[in-house]
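>>> build me a structure from this.
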Amino acid sequence: MTNKQGYAAYENNRIMTASPAELTLMLYEGAIKFCNIAIVAIEKNDIEKAHNNIMKVENIIEEFQATLDHKYPVAEDFDNVYNYLKQRLFTANVKKDKDILEEVLKHLRTMRDTWKEVMKQAGKQ
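Residues are numbered from 1 along each chain as shown. This is a model prediction of the structure:
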């Protein structure tokens, strides 16, 4: 087995055994990673790579929206934030504007860090 195959097997196992909270964290991490890749692609004028990675971030945000539990009032707030981020990503993609992506990245990092704190607090209870 090559290193690449071993890593893929490890990642697959990590995902398959993750809790819903850990999967959410992985999605935030992925969105941050793809946003960073898009920023670098724009800096290098690699339009296709920027587009593809912005779309990956949008897809993750759409997954977050699809899994919101609307029986809780806070779900509407998250839905509004996700809609805002998708709108900003659309604009960033059309204009290939890395400043907009930096703004989205800031929001994603804040949300990820908040989620980590929620996980930590839930683990203490």
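>>> now the helices for this protein?
3-16, 20-43, 47-66, 74-95, 98-124 (DSSP state H).
>>> can you tell me how far Asn36 is from Thr2?
Noted for Asn36: a distance of 26 Å to Thr2, by CB to CB, to the nearest Å. Where C-beta positions appear, they are placed from N, C-alpha and C, glycine not excepted.
>>> these two: which has the busier surroundings?
Asn36 (16 against 7; other CB atoms under 10 Å).
>>> could you check how many residues crowd around Tyr72?
As a burial measure, Tyr72 scores 10 neighbours (other CB under 10 Å).
>>> I meant Asp77, not that one.
11.
>>> in this structure, what secondary structure element scores lowest on mean pLDDT?
helix 3-16 (a mean of 62; mean pLDDT, DSSP states H and E).
>>> quick one: low-confidence parts of the chain?
Scanning the chain for pLDDT under 70 picks out the ranges 1, 6-16, 125.
>>> of all residues in it, which one is nearest the centre?
Central residue of the chain (CA atoms, centre = their mean): Ala31, 2.3 Å from the mean position.
>>> list the contacts of it.
56-57, 60-61, 108 (CB atoms under 8 Å, 6 or more residues apart in numbering).
>>> what's the answer for Ile47, then?
41, 96.
>>> repeat that for 10 Å
Shown in contact with Ile47 (CB atoms under 10 Å, 6 or more residues apart in numbering): 41, 93, 96.
>>> give me phi/psi at the last one?
Phi and psi for Lys96, reported as degrees, to the nearest 10, are phi 50, psi 50.
>>> the closest residue to it other than its chain neighbours and Lys49, how far apart?
Using CB to CB, 6 or more residues apart in numbering and skipping the chain neighbours, the partner closest in space to Lys96 is Ile42 (5.1 Å). To Lys49, Ile42 is 9 Å away according to CB to CB.
>>> which of these two has more neighbours?
Ile42 (23 against 15).
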